[in-house]
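J.: I would like to see how this sequence folds:
(one chain, ligands or ions: 2)
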Amino acid sequence: MASIISHNPEETFALGRQCAASLRCGDVLALAGDLGAGKTQFTKGLAAGLGVECGVTSPTFTLIHEYPGGRLPLFHIDLYRLEEEAEVLGIGIDEYLDGGGVTVIEWADKFAALMPAGVRWVRFRVLEGDEREIAY
Ligand SMILES: Nc1ncnc2c1ncn2[C@@H]1O[C@H](COP(=O)(O)OP(=O)(O)OP(=O)(O)O)[C@@H](O)[C@H]1O
Ligand SMILES: [Mg+2]
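T.: Ligands and ions are numbered 1, 2, ... in the order given. Below is the predicted model:
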């Protein structure tokens, strides 16, 4: 596992943008880490790297956002507010996972057992100030 230190939000965005280049249809990225650790910031960079045109917002209230229009469709899911596995299955997560795009899941570690085989984990840790350790 590689890990880097991000020193500011722009570096985290840039890492997401770089990561996008390696993504293929059907890939699932599971993001883990505390509140404000940079998971959404990373996803914004990913969207930019895929060429998604409209801006990514935090999906905390809507659970799932779909962003068409880039090299691959991006599905952005946030499991923060869910408690039960049945709720996660109830939002139709399986359809996204084989849905012909890239799926990014914030708070995936809450439901690690539901992540598909081949999922790529990206773990965010808040260090001092604006520093974040990002391991992938
Ligand atoms: N190095 C950094 N990388 C990313 N974000 C940073 C960094 N330093 C400071 N920040 C700030 O931390 C916050 C990260 O917010 P973001 O929404 O990306 O976190 P999150 O992990 O998605 O949190 P949540 O669990 O609430 O969804 C932003 O306000 C951003 O400006
Ligand atoms: Mg977030």
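J.: mind listing the residues bridging to the residue positioned nearest the centre of the chain?
T.: Of all residues in the chain, the one closest to the mean position by Cα atoms, centre = their mean is Val104, 3.4 Å from it. Beta-bridge partners for Val104, by DSSP bridges, are Leu29, His76.
J.: check contacts around it.
T.: Listed by Cβ atoms under 8 Å, 6 or more residues apart in numbering, the contact set of Val104 reads 28-29, 31, 43, 46, 74-77. In short, each C-beta sits where N, CA and C put it, glycine included.
J.: shaky segments in this structure?
T.: Applying pLDDT under 70 to the chain flags the ranges 58-61.
J.: and the strands in it, which stretches?
T.: Along the chain, counting by DSSP state E, strands occupy 3-6, 28-33, 64-67, 74-78, 102-106, 120-126, 132-135.
J.: shouldn't Met1 be in contact with Glu133?
T.: No: between Met1 and Glu133 there is no contact under Cβ atoms under 8 Å: 11.2 Å.
J.: how much space between the closest residue in space to Gly100 that isn't next to it in sequence and Leu74?
T.: Closest residue to Gly100 apart from its sequence neighbours, by Cβ to Cβ, 6 or more residues apart in numbering: Cys25 at 6.0 Å. According to Cβ to Cβ, to the nearest Å, Cys25 stands 11 Å off from Leu74.
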